[in-house]
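**Student:** Provided below are the primary sequence and the corresponding predicted coordinates.
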Amino acid sequence: MKFTELDRKMRVYETANDLVVLPGVLMVARLDGRGFTKLVRERHPFESPFDPRFRDMMVETGRHLMDCGFNFLLCYSQSDEISLLFHPEEACFGRKLRKLNSVLAGEASAKFSLLLGDLASFDCRISQLPRSVDVVDYFRWRNEDAHRNALNAHCYWLLRKDGQKPKEAQKALDGLSVADKNELLFQKAGINFNDLPQWEKRGWVLRWEAMTKRATDPNTGEAIEVERRQLALDLDLPMREAFSEMIRSLLS
């Protein structure tokens with residue numbers, strides 16, 4: 001059998017179940033760290049519940065993803081997850097899900113591993129969102145989830161540092177309201193949750209911004225201004241409707 005015939009015969013087993021995102025459908029990729037609880041609590045003991053060193057590694061991973069060959073409008077991150085908003089006209093790899101998922105997971109895993117100096121891996125899944133309002137709701141969902149997780153994490157680790165075992169600490173928090181958890185932090189440690197850094201409570205964002213740079217025209221030698229884009233990091237995100245408006249402005 002000739003190679004071309006063999007290639008055509010076997011290639012179908014790779015591509016028969018390819019799923020492709022239809023044109024006009026908006027896409028968001030979400031990457032999650034695999035086994036990061038053990039990785040950053042035991043093998044590399046970062047400060048709990050939040051450590052700026054870990055955040056900075058996630059930021060650098062996000063910077064890499066934003067400029068690794070895809071056209072992304074936004075990178076949003078909280079804890080060990082990263083959400084990437086594709087440009088509506090992105091057509092890389094023919095919008096094949098298996099390619100998008102595998103390449104992005106590989107890029108994130110490689111970058112974070114290099115930063116950490118140890119093996120780390122991410123999984124990836126693509127949300128297919130038919131309307132702009134669904135994109136806004138997606139990022140609002142992750143933003144609110146960050147707030148909920150931050151409150152739980154601060155309460156949990158306060159109890160753990162106070163000597164409670166993992167199951168004891170979790171049981172103590174079961175059934176507590178948001179107000180109860182805020183009171184727990186204040187009464188036991190004098191912590192006002194509202195005063196904690198916004199990046200802990202709401203995550204952070206990377207997005208492209210235009211900048212004007214002075215340069216020299218190579219043909220005339222004259223001083224000129226050129227427009228470039230650069231990634232801007234926002235550690236102090238707005239909340240609720242203001243956050244939603246930020247996402248809408250990107251899509252407009």
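**Tutor:** Here it is on my side, so go on.
**Student:** pLDDT weak spots in the protein?
**Tutor:** For the chain, applying pLDDT under 70 flags the ranges 14, 16, 217.
**Student:** mind listing the helices for it?
**Tutor:** 3-15, 36-38, 52-66, 97-116, 132-161, 166-173, 178-189, 198-202, 240-251 (DSSP state H).
**Student:** wait, which of the ones you listed is closest to residue 80?
**Tutor:** Across the helices of the chain, residue 80 has its closest neighbour in helix 36-38 (4.3 Å, Cβ to Cβ). (C-beta placed from N, C-alpha, C; glycine too.)
**Student:** please identify the buried residues of that closest one?
**Tutor:** residue 36 (16 or more other Cβ atoms under 10 Å).
**Student:** what about it, distance to the chain center?
**Tutor:** Relative to the centre of its chain, helix 36-38 is centred 17 Å away, using Cα atoms, centre = their mean, to the nearest Å.
**Student:** equivalent analysis for stretch 160-170, please.
**Tutor:** Computed by Cα atoms, centre = their mean, the chain-centroid distance of stretch 160-170 equals 29 Å.
**Student:** same thing with stretch 233-250?
**Tutor:** On Cα atoms, centre = their mean, the centre of stretch 233-250 falls 15 Å from that of its chain.
**Student:** flag every buried residue along it.
**Tutor:** Result for stretch 233-250 [16+ other Cβ under 10 Å]: buried residues 234, 237, 243-244, 246-247, 250.
**Student:** looking at those, which is nearest residue 131?
**Tutor:** Distance to residue 131 across these (Cβ to Cβ) is lowest for residue 247, with 12.6 Å.
**Student:** correct me, but the closest one touches residue 73?
**Tutor:** No - the criterion here is Cβ atoms under 8 Å, and residue 247 misses it with residue 73 at 9.4 Å.
**Student:** I'd like the helices of the chain as JSON lines, with distance to residue 210 appended.
**Tutor:** Listed next are those as JSON lines, based on distance: least, Cβ to Cβ, whole Å:
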{"stretch": "helix 3-15", "distance to residue 210": "40"}
{"stretch": "helix 36-38", "distance to residue 210": "34"}
{"stretch": "helix 52-66", "distance to residue 210": "15"}
{"stretch": "helix 97-116", "distance to residue 210": "25"}
{"stretch": "helix 132-161", "distance to residue 210": "22"}
{"stretch": "helix 166-173", "distance to residue 210": "45"}
{"stretch": "helix 178-189", "distance to residue 210": "40"}
{"stretch": "helix 198-202", "distance to residue 210": "24"}
{"stretch": "helix 240-251", "distance to residue 210": "13"}
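**Student:** what's the closest of those to residue 25?
**Tutor:** Between those, helix 132-161 lies closest to residue 25; by Cβ to Cβ that is 9.9 Å.
**Student:** what angle do that closest one and helix 178-189 make?
**Tutor:** Taking axes from the mean of the first three to the mean of the last three Cα atoms, to 10 degrees, helix 132-161 and helix 178-189 form an angle of 30 degrees between their directions.
**Student:** out of the helices of the chain, nearest to residue 82?
**Tutor:** With Cβ to Cβ, the closest approach to residue 82 among the helices of the chain belongs to helix 52-66: 5.6 Å.
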